[in-house]
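Visitor: would you be able to build a 3D model of this:
(chains A, B and C)
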Amino acid sequence: MAGFSSFGIFFQILINGILFGSMYGVAAIGLSLIFGSMQIIFIAQGAMMILAAYLTFWFFTLTSMNPFFCFVLVLPIFLGIGWLIYAGFFHRIADAGKNPSLLLAFGLMVLLENLMSLVWSANTRAVTTSYTGMGLSMGAIQISFTRLVSFAVSISATTLVFVFMKKTIWGKAVRGASEDMKAAALLGISPSKVSSLTFAIGIALAGVAGVAMATTYPFDPYSGFIFSLKALIAVAFGGIGSVAGAMLGGILLGVIESMSAFIISGGWADAISYGAFLLVLMFRPQGLFGRYAS
Amino acid sequence: MGKHLLEVIGIDLFHGDAQAIWDVSFHVDENKIVALVGSNGAGKSTLLDAVSGFIAPKNGDILFSGNRLTGTKPEEVVTLGISHVPEGRRLFSRLTVLENLELGAFPPRTRPYIQQSLERVFGLFPVLKKRIRQHAGSLSGGEQQMLAIARAIMAKPTLLMLDEPSLGLAPVIVTLMFEIIQTLSGEGVTILLVEQNVHQTLEIADHVYVLKTGRLELSGTGEDLMRNPDFQQAYLGMKG
Amino acid sequence: MVVMQANMIKKGRHSWKAACFGGLPVLCVLCLFPFMVDSEESYLVYFLFLTFIYVSMAQGWNLVAGYAGQASLGQHAFFGLGAYITAIAWKAGWIGYMDPFGMLMSGAGAALLAIIIGIPLLAKLRGDYFALGTLGLGEIMRVIFTQGGSLTGGPVGLMLPSSQYQSMMPYYFISLTIAVFTLLCMTLLIKSRIGLAFVAIREDEEAAGANGIHVLKFKITAFSVGAFFTGLCGSLFAYYSFHIHPSGVFSLSWALMPVLMTIFGGIGTLMGPVVGAFILASVFELANIWLPEIHPLFSGAFIVLVMLFLPQGVMSLGKKDGAVNLLKGMVPFNRTSSE
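Guide: Next comes the predicted model:
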């Protein structure tokens, strides 16, 4: 009996890690594509997630609409926001080098965080619905209902993006450009158009991650940076430019965090994530999941 | 007075503040194979980048079919009918052979013909058809070069520019490469070839320009140059 | 390539003379100023004290990123470490209040960290990956010090005897000294053969290596000297704030401010970080004073605007076409050059 229950605990931690990690993964996919094609570390990705979370909170408070229907609203809005951010901001400094882009992203993050703080106050929010406390039980394992649905939506969004990237010509162009932008230009693919599209997809995914998070985790305007950092770690694990890799990297990170938090105290758990991050960067910069995962 | 297909007139090219090309002029006539030879650092790739639209000339002009090409963005240069296979090939290693080829036919005017183009390409490079679902990064050096050229052909170019297609390849493959270049020329594609492999280049080129540290040194047909004593000493003497 | 570098040094010599002639009077004013006002009440004294710290940290970053070409996002690791070394040593009684030995030791400790971490990081990581690696380093440092137990005071941090505070004057002059010191170091380094090597590495690393330059050694030198400056600043900050806690001294602001100031001023130039630090510190403080409620909002907007319109920094305005490009950049949806 003891053996079974510790196995059960192990599985519980694993499942929680996977569910949580899928959220990192979704945000990481966008970051990875943007970084791969434009060498921009979009440090404001987490802030975008939080924005989506606030919008979800707002819709929910106003209309009592099921938060998960917010996906339908958030997706087109964030596609537009992503396109605008590239066309209005990053496109203009595309030739200036990487540092200005990084700082621009940082400035946007600060701007966004403080705007959200102004509009929605700095208090921590969470979206609680009638089914927030509900859970499913499978033997000894409890799975929170909201986390499960969030996971399902994250995976669906990822699959949608994956199919787009695999089957459509523009999706292939985004994949190609995220590996080698100059080569794409040599084939007649306009760097500005493909970059706009990449950004739109990247931010839309941040939006999906944000909605997923809103129902499972409390947030405040300044939580974004930590998520950006976690998404970056996921990207490092998965290899830059790889869609599947970013998702797997996110899940892996989620599992590592979950396990670490259980085995050691919460504070050191972060150190393990950052340590793993550094190790992967140094010894396997192409990612952990093989060369051609895409 | 025949119009040249590609005409480069007196251009200066800079990398930042450093000048790489001084007052270079050359032209490529339709249906011909023109070669730019010279050792490393002579500026040959820089010239191709200028034609492709990646570097803007400080002075001078570039004309394509009589129209001004200077200042055209790289992605538009492709739609005009110029395809550039860069040094190092720059394949999308994470995409499959087929996907690389499909992206080759990205310009809207070429997309209706994608099946025909694929057949043409597989006719030239049967080995690619065998590897169609493999990731481009897993191909051998020679196969990658073939894929790079095939991908460029998918855009149905009028002018095909090749930057060092023989680099790093086994001699057998190199010979095959030069045969393919001649085949393509026979099909009506105008070729601008940049090479360090001088000997085989001279054999197939209709006209050769010799570049040295950013300046045009010599120009002539293959036979002219082979008879030129300076050229013999500098370039043929080095032949391995 | 050699011609290019000789030209750069020639230009540098002119700015060196200009800096001396322009700089000495300014230095005199800065030295006399605190005696002319009530240094305890004067906001300007406090402001300058802080700005001198920013200048030093910006120069430190400029050395690594602008001259050696490795953009680091982990300066906060060195700042925080410097602060903690001072705080812990002081609490343990090994050093005293405003102890120069303590400050140098903190700087040295930061430099040591830079060397230890720098060797694997710089050997294996390039460009963006290096930046990410340093970011990770900073975060790891924060976690370590948060978990440090009684040695580091954990998340609450360490409290230092604030009763020792007597006057603002030593703070002002020490931070001024550090700023001048970093500026002098930078000037000497850049004029020397070391500086030449840095530029060679920044322009083309492989060529530099092929020319016999021991690239890794120089990168580590730049990284550790920059860390030393930053550690000194951390130490001074510890003496000033009397309360050191991880989220304060390892705050990302300490990593990003020097970056922002250097880029704004002009990366890879001698006076860029100085100009950038002064202008930005002024802007942020003024925003804090005039728009206290929303000043972070303003700061964020300012950063965005600066990066959009002046990505090459203020010093570029002095160059040919600099001002013209700035105006061009203001046209909506315009780009200053084509790729």
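
Visitor: leaving out the residues flanking it, which one is nearest to residue B:59?
Guide: Leaving out its chain neighbours, the residue that sits closest to residue B:59 by C-beta to C-beta, 6 or more residues apart in numbering or on different chains is residue B:12, at 4.6 Å. All C-beta spots, glycine's among them, are computed from the backbone N, C-alpha and C.

Visitor: please name the residues that touch residue A:109.
Guide: A:43-44, A:46-47, A:224-225, A:228, C:300 (C-beta atoms under 8 Å, 6 or more residues apart in numbering or on different chains).

Visitor: re earlier: which residues are contacting whatever helix or strand the residue nearest to residue B:59 lives in?
Guide: Element membership for residue B:12 (DSSP states H and E) is strand B:6-15. Contact partners of strand B:6-15, identified using C-beta under 8 Å, 6+ apart, comprise B:19-28, B:43, B:46-47, B:50-51, B:55, B:57-64, B:69, B:82, B:159, B:190, B:192, B:214.

Visitor: out of those, which are inside strands?
Guide: B:19-28, B:59-64, B:82, B:159, B:190, B:192 (DSSP state E).

Visitor: now the buried members of the residues you listed.
Guide: By the neighbour-count criterion of 16 or more other C-beta atoms under 10 Å in any protein chain shown, the ones in strands among the contacts of strand B:6-15 include these buried positions: B:20-21, B:24, B:26-28, B:60, B:62-64, B:82, B:159, B:190, B:192.

Visitor: nearest to chain A, of the residues you listed?
Guide: residue B:82 (10.0 Å; C-beta to the nearest C-beta).

Visitor: hang on, isn't the closest one packed against residue B:162?
Guide: No: using C-beta atoms under 8 Å, residue B:82 is not in contact with residue B:162, being 11.9 Å away.

Visitor: ok so, going back, any chance of the contacts of residue A:109 in TSV, plus secondary structure and neighbour count?
Guide: Formatted as TSV, the contacts of residue A:109 follow (DSSP: H, G, I helix; E, B strand; the rest coil; neighbours: other C-beta atoms under 10 Å in any protein chain shown):
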residue	secondary structure	neighbour count
A:43	coil	27
A:44	coil	26
A:46	helix	29
A:47	helix	28
A:224	helix	26
A:225	helix	19
A:228	helix	25
C:300	helix	21
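
Visitor: so who does the closest residue to chain B within the stretch 1-150 of chain A touch?
Guide: Of the residues in the stretch 1-150 of chain A, the one nearest chain B is residue A:36, at a distance of 9.8 Å by C-beta to the nearest C-beta. Contacts for residue A:36 (C-beta under 8 Å, 6+ apart) come out as A:178-179, A:240-241.

Visitor: residue A:200: which of those is nearest?
Guide: For the contacts of residue A:36, the residue nearest residue A:200 by C-beta to C-beta is residue A:178; the value is 13.6 Å.

Visitor: quick one: that closest one from chain B, how far?
Guide: Separation of residue A:178 from chain B (C-beta to the nearest C-beta, to the nearest Å): 9 Å.

Visitor: just residue A:246 next, same as before
Guide: 13 Å.

Visitor: wait, that residue touches residue A:232, no?
Guide: No: applying C-beta under 8 Å, one finds residue A:246 not in contact with residue A:232, separated by 10.4 Å.

Visitor: quickly list what's touching both of these two.
Guide: By C-beta under 8 Å, 6+ apart, the residues touching both residue A:246 and residue A:232 are A:28, A:31.
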